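1. just a sequence and a predicted model for now, questions to come.
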There are 2 protein chains.
Amino acid sequence: MKPSGPGRGTNSVNLRLYNERTLLQRLRRAGEASKADLARWAQLTNTAVGSIVQSLEESRLIETAGRRQEGQRGQPASLYRINPEGAYGIGVRLDRTSIETVLIDLGGRILAREAHDLLLPQPERALALVKKDVAHMVSALDRGQRRRLMGVGLAQPYNLGSWLRELDLKADFRIWDEVDFGAMLSQAVEQPVFKENDGNAAAIAELFFGVGREESDFLYVFIGAALGAGAVIGGESLRGSSGNAADLGLMPVPPSRLASAPVLDRRWDILLSRASLNSLARHLRHHGAAVRNHTDLEASVKSGNGAVREWLDDCADALVPSLRAALAVLDLPAVVIDCDIDNGLIDDLTTRIDSGLRQIAPEARQTPRLLRGSFRADAGAIGAASLPMFFNFSPRADVLRGRSHPTSLETANV
Amino acid sequence: MKPSGPGRGTNSVNLRLYNERTLLQRLRRAGEASKADLARWAQLTNTAVGSIVQSLEESRLIETAGRRQEGQRGQPASLYRINPEGAYGIGVRLDRTSIETVLIDLGGRILAREAHDLLLPQPERALALVKKDVAHMVSALDRGQRRRLMGVGLAQPYNLGSWLRELDLKADFRIWDEVDFGAMLSQAVEQPVFKENDGNAAAIAELFFGVGREESDFLYVFIGAALGAGAVIGGESLRGSSGNAADLGLMPVPPSRLASAPVLDRRWDILLSRASLNSLARHLRHHGAAVRNHTDLEASVKSGNGAVREWLDDCADALVPSLRAALAVLDLPAVVIDCDIDNGLIDDLTTRIDSGLRQIAPEARQTPRLLRGSFRADAGAIGAASLPMFFNFSPRADVLRGRSHPTSLETANV
């Protein structure tokens, strides 16, 4: 699983692929551009850009978007833009209490969705469910569109069998730590499957379809049932040796001071015990609220329950030193914060984090810009579906080095 | 200063450069190899490898190292190795209490050295000193060797004017936060100057000349007067948006419980207050030891002073959660630990860190391998001198993207 260190040479095929993706990225960011714009931006010759634009247009990844007069003389130049119908991706998001499958296009729109709220079943049963949902997504595409389906992204927390105590789950998911669900899925759906942990996948969605249009370097934090996170550096997603980079949920934090928190016999807890909607639900229940599901949790937040404010303070108290630590390690200028529910929660949390980060700012260090995430409850599903898009169309350095995605389970090269 | 996000295309010149460097890296790691070995390793054609080997040999970066019979028939194949005299680098290490300049060759040997223990003077005076030392290094090279001098590396803590309280320094270095000493040096010595903070430079030395021969992914920690660190990911050094990635010294930690520690009016201190030789010297002085300089400190450590053990416990107590946090963020399998003094200190600290990391290991997460650094007190100087080597000869992804070192102050492209 570990990608080998650098060492392989590269060739002109990789080079062409990289340049194609560079132009696609430029169009994603700019909206529309002429060949001359693209050549200038990418520092490529007009000939190279002309040839690439022609093949991107032939494969329908880009389309013309009218013409623009450039300079004083000559024909107006054609403008190009991404063709949202140029490619499709399916995303499967799987966690300890839900399974969701979506179909998106190259514009990032969700075209179809299937969702199940259920305690994670045995792998074989989950596979049958997902297989049916994926078939449903594929059937929403006509024959021509199916040829442009880039594969299935699978986003799941690694180590599904762990941290059940912290997440108040009385279940036995140990079997999930032993199976390779990505490989099972790949066989079942006969599509290339791209697998990432849920935090990294959501960060990749932001990079490809969200704040990544403006920002190439940010830390991404998602407050869901647990805590997901990802790091984007120079337009790339940091994977880590085992695919678990930016695993902020496991950072050591002092124990919570909330009355609802489980008694801890150790000096250090982990961040996901305190900065997660699970800890919010626990605190609300401790104060007598009936929180059976997501809708109940949303309603409690909306009602402005005082217990929500207590939790917000405790959550920020845990997040602030962890974010400072993560930023000392990664040196990133921005943090994107997103959450499974909103109703003002994201803004309230952001305000507390901003003030906390300023309070403990070390001498000579800036406080990062805090940005709102783009997808809220859809971050996981769009994250999963963005994986085939990202690994097929983004100008990653590994493309130049002729390495495919380290956990891509492709049977054929698309 | 911030490197732009990806977006530039690439061309066959970058590709050739990258492949050359890939072969140099293979030879650094393997010791010696035939063209067939290299072609197989780098997945390049024999023709491509033949052409690159010829030009590397012509530029004297590699040399033949005898012959070896390959297979049953035909001429024995020539073996190649790095020519230590193929390139030279000068390193300037500058910190708050010393300035050191060294000359090294492509084999990593120190050929000349000038060192000054002094409280950092005004920039103009420091420049005069360094200029003289660099001239001395250059004069140690003959005319042919000078043509193969790749430049000057400058390693210094950024924000030299900060954290003086934590470091018990009664001095005013604020002027140093306003000058660009790299630019001054570049003008003064008429050489390309490559600048990195001291932790990253020492990590690059490990990557290019030390444990990097075996490992492509590690966190590097150096206990000096302050705390330096760097992260190596996939054979690259992580820079960060402002060149301060892996700035472990600024990670938030609970205050020290040592009697010698300054009273803190905040809930969080920073790691360099506790995990630094400065805090050891302070603790020894608190217990009545006369610690005026490096030699006194070494003697105290050697004597097995009980205060040293107290400090070791406190240092590990601060380092352990910070390392766990850094590893949660970076997902690296190994940590390299080095220190300005030894006398058993590195082993004692490593034992404590290993046991501490195991104690707070989160469920489903491994404890990293702890490795000894290669250069001890020379880490800073070799780190500085390895910068022109690394940025000229290492197959970094930025080479493929046609980007030079973001803070390289080259006047000409070497």
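-> Received it, and whenever you're ready, just let me know what you need.

2. what is the burial count for A:E63?
-> 16 (other Cβ atoms under 10 Å in any protein chain shown). For glycine as for every other residue, the C-beta is placed from the backbone atoms N, C-alpha and C.

3. ditto for A:A379
-> 28.

4. just A:S59 next, same as before
-> 14.

5. check contacts around it.
-> Residues in contact with A:S59 (Cβ atoms under 8 Å, 6 or more residues apart in numbering or on different chains) are A:G86.

6. residues contacting the closest residue to chain B within the stretch 301-414 of chain A?
-> Going by Cβ to the nearest Cβ, chain B is nearest to A:D331 of the stretch 301-414 of chain A, at 2.4 Å. Contacts for A:D331 (Cβ under 8 Å, 6+ apart) come out as B:R239, B:G240, B:S241, B:S242, B:G243, B:N244, B:A245, B:A246, B:D247.

7. state the distance from the nearest residue to it once chain neighbours are set aside to A:A33.
-> Using Cβ to Cβ, 6 or more residues apart in numbering or on different chains and skipping residues adjacent in sequence, the residue nearest A:D331 is B:G240, 2.4 Å away. B:G240 sits 30 Å away from A:A33, going by Cβ to Cβ, to the nearest Å.

8. ok, A:S12 next?
-> Counting by Cβ to Cβ, the gap from A:S12 to A:A33 is 25 Å.

9. same thing with A:A226?
-> The value you get for A:A226 to A:A33, if Cβ to Cβ is used, is 40 Å.

10. check A:P262 too.
-> 55 Å.

11. more neighbours: these two, which one.
-> Between A:P262 and A:A33, counting by other Cβ under 10 Å, A:A33 is the more crowded of the two (23 against 15).

12. and that one, what are its bridge partners?
-> Per DSSP bridges, residues listed as beta-bridge partners of A:A33: A:Y80.

13. and the pLDDT at it?
-> Looking at A:A33, its pLDDT stands at 96.

14. tell me if I'm right that it and A:R26 touch.
-> Yes: using Cβ atoms under 8 Å, A:A33 is in contact with A:R26, at 6.5 Å.

15. one step back: so what's the residue nearest to A:D331 up against?
-> By Cβ under 8 Å, 6+ apart, the neighbours of B:G240 are A:L330, A:D331, A:L332, B:A246, B:D247.

16. which helix or strand contains A:H283?
-> helix A:277-286 (DSSP states H and E).

17. so what's A:I62 up against?
-> A:L24, A:L27, A:V53, A:L56, A:Y80, A:R81, A:I82, A:N83, A:G86.

18. now it: phi and psi?
-> phi -130, psi 160 (degrees, to the nearest 10).

19. what's opposite it in the beta bridge?
-> Under the criterion used (DSSP bridges), A:I62 bridges to A:I82.

20. and the longest helix seen in chain A, what's buried?
-> Longest helix of chain A, by residue count under DSSP state H: helix A:306-330. Neighbour counts over helix A:306-330 (16 or more other Cβ atoms under 10 Å in any protein chain shown) mark A:307-308, A:310-312, A:314-330 as buried.

21. and the pLDDT at A:R8?
-> 67.

22. one more: the one 3 residues further on?
-> pLDDT for A:N11: 78.

23. cool, and A:G344?
-> For A:G344, the predicted pLDDT is 91.

24. which non-adjacent residue is nearest it?
-> In space, A:G344 is closest to A:V301, 7.3 Å off (Cβ to Cβ, 6+ apart).

25. thought the one you found was touching A:A307?
-> No: A:V301 is beyond contact range of A:A307, at 10.2 Å (criterion: Cβ under 8 Å).

26. the helix holding A:H283 - contacts with which helices or strands?
-> Other helices and strands packing on helix A:277-286, by 3 or more Cβ pairs under 8 Å, 6 or more residues apart in numbering or on different chains; DSSP states H and E, are helix A:294-302, helix A:306-330.

27. and the average pLDDT for that helix is what?
-> On average, helix A:277-286 scores 95.

28. buried residues in that helix, which are they?
-> Buried-residue list, helix A:277-286, by 16+ other Cβ under 10 Å: A:L277, A:N278, A:S279, A:L280, A:A281, A:R282, A:H283, A:L284, A:R285.

29. can I get the residues you listed in TSV with distance to B:S162?
-> Listed next are the buried residues of helix A:277-286 as TSV, based on distance: Cβ to Cβ, whole Å:
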residue	distance to B:S162
A:L277	38
A:N278	39
A:S279	36
A:L280	38
A:A281	42
A:R282	41
A:H283	39
A:L284	43
A:R285	46
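
30. quick one: the closest residue to A:G107 other than its chain neighbours from chain B, how far?
-> Sequence neighbours aside, A:P84 is the residue nearest to A:G107 in space, at 3.1 Å (criterion: Cβ to Cβ, 6+ apart). Distance of A:P84 to chain B, given as Cβ to the nearest Cβ, to the nearest Å: 21 Å.

31. ok, now A:S139?
-> For A:S139 relative to chain B (Cβ to the nearest Cβ), the value is 36 Å.

32. so who does that residue touch?
-> A:S139 neighbours (Cβ under 8 Å, 6+ apart): none.

33. stretch A:46-66 - what's its average pLDDT?
-> For stretch A:46-66, the per-residue pLDDT averages 95.

34. scratch that, stretch A:392-406
-> Rounded mean pLDDT across stretch A:392-406 is 77.

35. coming back round to it: shouldn't the residue nearest to A:G107 be in contact with A:L111?
-> No: counting by Cβ under 8 Å, A:P84 sits too far from A:L111 to count as a contact (10.0 Å).

36. can you check which residues contact both of those two?
-> In the contact map built from Cβ under 8 Å, 6+ apart, the residues linked to both A:P84 and A:L111 are A:D105.

37. before we move on, the earlier item: quick one, phi psi at the residue nearest to A:D331?
-> Dihedral angles (degrees, to the nearest 10) for B:G240: phi 90, psi 160.

38. looking at it now. What's its pLDDT?
-> Reported pLDDT for B:G240: 94.

39. which member of the contacts of B:G240 is positioned nearest B:W41?
-> B:A246 (29.2 Å; Cβ to Cβ).

40. who are the contact partners of A:L167?
-> Neighbours of A:L167 in contact, by Cβ under 8 Å, 6+ apart: A:R96, A:A225, A:A226, A:L272, A:S276, A:N278.

41. the second one - that's part of a strand, no?
-> No: the assignment for A:A225, made by DSSP: H, G, I helix; E, B strand; the rest coil, is coil rather than a strand.

42. list the contacts of the helix or strand of chain A with the lowest mean pLDDT.
-> For chain A, the helix or strand with the lowest mean confidence is helix A:397-400, at a mean of 80 (criterion: mean pLDDT, DSSP states H and E). Residues from elsewhere that reach helix A:397-400 (Cβ under 8 Å, 6+ apart): A:3, A:10, A:14-15, A:17-18, A:21, A:236, A:404-405, B:10, B:18, B:397, B:400-401.
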